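Colleague: would you be able to build a 3D model of this:
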Amino acid sequence: MTDQTAVTVRPARRVAGRLRVPSDKSISHRAVMFSALARGRSEIRNLTPGQDVDATIDCLRRLGVAIVADAAAPADAPPTWRVRGCDGPGGLAAAADLEARNSGTTTRLLMGVLAGATGAYRIRGDASLERRPMRRVVEPLTRMGADIATTDGHLPAAIAGRPLRGIDYTLPVASAQVKSAILLAGVFASGETAVREPAPTRNHTEIGLGAFGVHVDHEPGLARVRGGQFLAAAAIDVPGDPSSAAFWAAAAAALPGSSIDIDDVALNPTRTGFLDVLRRFGAAVEVEPTVASPGDREPRGRIRVSHREVGDVRIDPAEVPGLIDELPVLAALATHGGRLTVTGAAELRVKESDRISALARGLRAMGGHVEEFADGFHIDGRTRLTGGLVDAVGDHRLAMAFSIAALGASGDTRVAGAGCVAVSYPGFFDVLASVCR
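Modeller: Numbers count the residues shown, from 1 in each chain. Prediction:
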């Protein structure tokens, strides 16, 4: 597991501090993509700096969209991004070879956009992304009239734009990315498109399209959009990412004497399920909503998490869609003296890695007790971790989860491949050093 980006994480007595996490990745992807499809020039403040959103920006530029960052921004402040929209898929370049890198959101949402465009496109990814399943998005788009050829259900994919028609589609597996691809295709299709989910997922697409002037009827588990609408330019201010905040919240919940304040975090109810789980573990959790500014559609506010105890928690299948990105760090929290059982989470096996097997393997390498299921895992954290050498297997969320687990170990932990945190949280290890006491 030799890796030039390996990082050593040492045990900590407690964590404390006040911070702001990177802006929300899901909202950032959508803000850039919707701006590219809008009429006129949009402005985006606090766009996340991660590599996944960089992939979306690069793909859109290859499609002819003008996207620039304000060069006059102060060095200590994020730039404002300006996007000159193309007024729908018909304004995009007639042909392009696109590199989605490691970003599933980039890939699946772009499939929904390009399916109704007027050109020929090819989308590739890195080795990890090209192992992830794409049939789940290709199948409904094909029903809408799309022409998409994949490589045995995986990338690379070739897309030939076609006129689309609306459908009423029930997702076999809850997925915000697939839902979003269908809704985006539906905006530019004929008729009405409806997407039904077996369990509610994050609703940033429904909210974001509304910010750009598109009417979407939505409630938990169902979204409808009428075709033939257009997106109007908008000004978007992206709040902090709750999935990134979850790492610091879990660290504070794990270590006695700890307390962390996280400012300006997105408080969309489809994203804050992890706070309820922290309370069930025994942590003290306070949430203070911020008074909304004009144009704000996503709720935001401050989160404070303090340690009280680490108990036993069970996460059942119905909860999993709202916790899918936070499950690795909740597993890390359980290693600090608690127990956690997760079922119904087979989707973790087709993320950036097989997160069930890789999580179990890494925690065992640190001295942890982990039982692996086909659709989940059981962590028994009543025996303290020893530390050791773990491999993040190119997965940003595992690299960060192993680091939070390592804070409670008796010895140092070496995280190989730690540079992958740049996918969503480039400054993670600097912040980790600043909050440890």
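
Colleague: any weak-confidence spans in the protein?
Modeller: 1-4, 73, 75, 294-295 (pLDDT under 70).

Colleague: cutoff 90 now
Modeller: 1-5, 70-79, 291-296 (pLDDT under 90).

Colleague: and it, what are its domains?
Modeller: 7-22+239-435, 25-237 (automatic domain parsing).

Colleague: now those domains in a markdown table, with mean neighbour count?
Modeller: C-beta here means a position set from N, CA and C on the backbone, and glycine is covered the same way. Listed next are the domains of the chain as a markdown table, based on neighbours: other C-beta atoms under 10 Å:
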| stretch | mean neighbour count |
| --- | --- |
| domain 7-22+239-435 | 21 |
| domain 25-237 | 20 |
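
Colleague: residue 121 pairs with what?
Modeller: Applying DSSP bridges to residue 121 gives these bridge partners: residue 96, residue 159.

Colleague: relative to residue 164, how far out is it?
Modeller: Noted for residue 121: a distance of 15 Å to residue 164, by C-beta to C-beta, to the nearest Å.

Colleague: got it, and residue 278?
Modeller: For residue 278, the distance to residue 164 - C-beta to C-beta - is 42 Å.

Colleague: and residue 231, by the same measure?
Modeller: 16 Å.

Colleague: how close does residue 237 get to residue 352?
Modeller: 28 Å.

Colleague: please apply the same query to residue 242.
Modeller: Taking C-beta to C-beta, one finds residue 242 at 19 Å from residue 352.

Colleague: where along the stretch 101-250 of the chain do the helices fall?
Modeller: 104-114, 135-143, 176-187, 204-211, 242-254 (DSSP state H, counting those that start in this stretch).

Colleague: closest to residue 150 out of these?
Modeller: helix 135-143 (5.9 Å; C-beta to C-beta).

Colleague: list the contacts of the closest residue in space to residue 11 that isn't next to it in sequence.
Modeller: Spatial nearest neighbour of residue 11, chain neighbours left out: residue 409 (5.5 Å); criterion: C-beta to C-beta, 6 or more residues apart in numbering. By C-beta atoms under 8 Å, 6 or more residues apart in numbering, residue 409 lies in contact with 11, 366-367, 384-387.

Colleague: now, the most widely separated pair of those residues?
Modeller: 11 and 367 (12.5 Å).

Colleague: shared neighbours, these two?
Modeller: 387, 409.

Colleague: can you classify residue 61 as helix, strand or coil?
Modeller: Following DSSP: H, G, I helix; E, B strand; the rest coil, we place residue 61 in the helix state.

Colleague: roughly how far apart are it and residue 81?
Modeller: Taking C-beta to C-beta, one finds residue 61 at 12 Å from residue 81.

Colleague: and if you look at residue 143?
Modeller: 35 Å.

Colleague: just residue 421 next, same as before
Modeller: Residue 421 is 22 Å from residue 81, by C-beta to C-beta.

Colleague: quick revisit: find the residues that touch each one of residue 61 and residue 81.
Modeller: residue 67.

Colleague: my guess is residue 10 meets residue 410, correct?
Modeller: No - between residue 10 and residue 410 there is no contact under C-beta atoms under 8 Å: 10.9 Å.

Colleague: out of the contacts of residue 409, which one sits closest to residue 333?
Modeller: residue 385 (12.2 Å).

Colleague: where does that closest one land in three-state SS?
Modeller: Per three-state DSSP, residue 385 ends up coil.

Colleague: give me the nearest residue to it, chain neighbours excluded.
Modeller: residue 409 (4.0 Å).

Colleague: SS state for that neighbour?
Modeller: Classified using three-state DSSP, residue 409 is coil.

Colleague: how near is it to residue 363?
Modeller: In terms of C-beta to C-beta, residue 409 sits 11 Å off from residue 363.

Colleague: which neighbours do those two share?
Modeller: In contact with both residue 409 and residue 363: residue 385, using C-beta under 8 Å, 6+ apart.

Colleague: which residue sits closest to residue 17, ignoring its sequence neighbours?
Modeller: Closest to residue 17 by C-beta to C-beta, 6+ apart is residue 435, at 4.2 Å.

Colleague: actually residue 303, not the one I typed
Modeller: In space, residue 303 is closest to residue 262, 4.7 Å off (C-beta to C-beta, 6+ apart).

Colleague: got a list of what residue 80 touches?
Modeller: 43-45, 69-70, 73.

Colleague: please name the bridge partners of residue 17.
Modeller: Here residue 17, judged by DSSP bridges, has bridge partners residue 260.

Colleague: so it touches residue 434, yeah?
Modeller: Yes - here residue 17 reaches residue 434: they are 6.3 Å apart, a contact under C-beta under 8 Å.

Colleague: overlap in contacts, these two.
Modeller: In contact with both residue 17 and residue 434: no residue, using C-beta under 8 Å, 6+ apart.

Colleague: centre of the chain versus the helix or strand where residue 28 lies, how much separation?
Modeller: Per DSSP states H and E, residue 28 falls inside helix 25-37. Its chain's average C-alpha position is 13 Å from that of helix 25-37, according to C-alpha atoms, centre = their mean, to the nearest Å.

Colleague: got it, and stretch 151-164?
Modeller: Counting by C-alpha atoms, centre = their mean, stretch 151-164 comes out at 23 Å from the chain centroid.

Colleague: ok, which stretches of the stretch 301-437 of the chain are helices?
Modeller: Going by DSSP H, counting those that start in this stretch, the stretch 301-437 of the chain shows helices at 327-334, 355-365, 396-406, 428-435.

Colleague: now the angle from the last one to helix 396-406?
Modeller: Okay, so that is helix 428-435. 20 degrees (axes from the mean of the first three to the mean of the last three C-alpha atoms, to 10 degrees).

Colleague: who's in contact with helix 428-435?
Modeller: Outside helix 428-435, the residues touching it (C-beta under 8 Å, 6+ apart) are 7, 9, 15-17, 19, 247-248, 251, 260, 399-400, 403, 418, 421.

Colleague: try the first one
Modeller: With contacts defined as C-beta under 8 Å, 6+ apart, helix 327-334 is touched by 246-247, 250, 253-254, 274, 277-278, 281, 310, 313, 315, 320, 323, 340, 342, 345, 348, 355, 359, 363, 377, 379-381, 397-398, 400-402, 404-405.
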